[in-house]
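[1] I'll drop the sequence and a predicted model, then ask my questions.
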Amino acid sequence: MADARLTSPGKLLYRDAGITKQRVAEYYRNVAPLLLPEVARRPLSLLRCPGGIDGQCFFQKHHADALGDGVHGVPIREKDGDTEEYLYIEDVEGLLDLVQMNTIELHPWGARIDDLEHPDRLVFDLDPGEGVGWSDMRAAARDVRARLEQAGLRSFLRLSGGKGLHVVVPIRPGPGWDEAKGFCEAFADAMAMQSPDRYVATASKAKRRGVIFIDWLRNGRSATSVASWSLRARASAGVAVPLRWDELGRVNGGDHYTLERALRRAARLRTDPWDGWAEAAGQQLPT
């Protein structure tokens, strides 16, 4: 059924896959109960593609009235000392307002608007360099999980919807951004030092061939990471899907779940793949 707020519903946003703006809206309406807990009342960075994913796409983080009544603004102090209105949503109305503006991807902050200076989650983004196979990615995710457990932290797994995997750690809000980011940097550096033939902790492209970049940079103030259940602006129409750890061996890539596959998975779910998140959200960042 067409949404009354949706203009140009037949516009092809994924030309090769034949996915229209209407289908994207239907997707987000269907997964909203799963997606909104990830993004509601968090500052968002959007990837908007007015001409479809093959056209010019751009990121937007600042609020604008044109985004719709369901999209709100929150004042945030930026690095230069100025204050700008960042955007956030609270409900499915806001989500569909973003789709109306040709939003494909949603990337939330690691903190909520009512406690902006204290993150409540950490993200380690495992990004394969050229020549890295999927079996290596699986092993890396399990390695990160084991090392986090040694630090007393429970973690959760997500396909990136692209080439990689995310290991996500809920924490009790308390440490500031610098402390949280410092922990993540030290953690990634230690893994890279102990296994330099497998991992690197620097974003330098020249050093990433044949190894996995443990991207810890997602954990700074104003940095973002793609939300669970967000579409990705890639030809495959991959989706960033949360997994149980015991499902890792049954997927064959970071974009294993396309839009249609993700819809089927969402409809079949009887338990949250991240069951236990609420309990783990009380864990404290090691000092």
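    Nice, I can see it.
[2] show me the helices in the stretch 101-250 of the chain, by range?
    For the stretch 101-250 of the chain, applying DSSP state H, counting those that start in this stretch gives helices covering 134-150, 177-194.
[3] tell me which of those helices sits nearest to residue 208.
    Residue 208 lies closest to helix 177-194 among those, at 11.1 Å (C-beta to C-beta). Heads up, the C-betas are built off the backbone N, CA and C, glycines and all.
[4] which residues touch the closest one?
    110, 117, 119, 122, 124, 143-144, 147-148, 151, 171, 175, 199-202, 214-217, 219-221, 285-286 (C-beta atoms under 8 Å, 6 or more residues apart in numbering).
[5] what do you get if the cut-off is 6 Å, keeping everything else the same?
    119, 122, 199, 200, 201, 214, 216, 219, 220, 221, 285 (C-beta atoms under 6 Å, 6 or more residues apart in numbering).
[6] burial count for the fifth one?
    Other residues within reach of residue 201 by the criterion other C-beta atoms under 10 Å amount to 21.
[7] what distance do you get for it to residue 212?
    From residue 201 across to residue 212, the span is 10 Å (C-beta to C-beta, to the nearest Å).
[8] and if you look at the third one?
    Relative to residue 212, residue 199 is positioned 5 Å away (criterion: C-beta to C-beta).
[9] same check, this time on the last one
    Per C-beta to C-beta, residue 285 is found 23 Å from residue 212.
[10] out of those two, which sits in the more crowded spot?
    Between residue 285 and residue 212, residue 212 has the larger neighbour count (other C-beta under 10 Å), namely 26 against 20.
[11] need the pLDDT of the nearest residue to the more buried one once chain neighbours are set aside.
    Nearest residue to residue 212, sequence neighbours excluded (C-beta to C-beta, 6 or more residues apart in numbering): residue 140, at 4.9 Å. Residue 140 is assigned 99 on the pLDDT scale.
[12] from here on, call the first residue 791.
    Let's use 791 as the start, then, which means that last one is residue 930.
[13] pull the number of nearby residues for residue 930.
    Residue 930: 24 neighbours (other C-beta under 10 Å).
[14] thinking it is in contact with residue 916, fair?
    Yes - if you go by C-beta atoms under 6 Å, residue 930 and residue 916 touch, sitting 5.3 Å apart.
[15] shared neighbours of those two, anything?
    Residues touching both residue 930 and residue 916 (C-beta under 6 Å, 6+ apart) are residue 1002.
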